[in-house]
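> Structure for this input, please:
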Amino acid sequence: MNKSSNLNLGLFLMRLGVGAFFIVHGVSKLMNMNAPAEEMGTVAMFGQMGLSPVLAWAVAIIEALGGLALVLGVLLPLVTVLLAIIMLVAMRFVWSMGFIAGWGPNSVYLLTLLGLLFTGPGEWALLTGKRAGHAAAPSASAQSASTSDQE
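All right, here's what the predicted structure looks like:
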């Protein structure tokens with residue numbers, strides 16, 4: 001594998017891992033939307049935190065569809081920003097639980113989302129380059145050609 005293939009595989013694996021996490025959490029929230037808080041009901045749990053039922057629905061839908069978009073590599077700038085905001089808010093509510101049980105895992109997802117925001121989806125995405133909302137990153141061969149031209 002060349003450097004470009006490794007980069008694209010790495011970006012795909014990041015999108016797959018974080019996307020799967022959000023799909024599972026979003027679908028779980030949607031399936032338990034109206035259950036009581038003691039049964040991990042989404043609306044009830046958001047209510048206990050002082051948050052609106054509308055926000056519970058919005059978070060669940062954004063997590064489920066945003067996770068799918070991450071896996072497919074589409075709408076990455078929009079999706080990564082929305083999911084990063086959700087992670088920041090979630091970190092605020094679990095801060096008192098400490099790093100391991102609380103905000104630590106959320107910070108890993110947040111940093112991965114920000115990394116994807118700045119790198120783009122890579123070539124192993126349903127839409128790449130400008131069609132996906134990112135300028136196309138130069139390939140490894142184009143980068144080495146430009147470096148040799150400068151010498």
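
> Just the element for residue 8, please.
helix 3-31 (DSSP states H and E).

> Show me what counts as buried in that helix.
By neighbour count, and taking 16 or more other C-beta atoms under 10 Å as the criterion, the buried residues in helix 3-31 are 4, 7-8, 11-12, 14-15, 18-19, 21-23, 25-26, 29. Where C-beta positions appear, they are placed from N, C-alpha and C, glycine not excepted.

> Minimum pLDDT in those residues, which residue is that?
When these are compared on pLDDT, residue 4 comes out lowest, with 80.

> you'd agree residue 42 is up against residue 29?
Yes: taking contact to mean C-beta atoms under 8 Å, the distance of 4.4 Å between residue 42 and residue 29 places them in contact.

> Quickly list what's touching both of those two.
Between them, residue 42 and residue 29 have 56, 60 as joint contacts when contacts are counted by C-beta atoms under 8 Å, 6 or more residues apart in numbering.

> Could you list every helix and strand that the strand or helix carrying residue 87 packs against?
Following DSSP H and E, one finds residue 87 within helix 76-94. The helices and strands touching helix 76-94, judged by 3 or more C-beta pairs under 8 Å, 6 or more residues apart in numbering; DSSP states H and E, are helix 53-72, helix 104-119.
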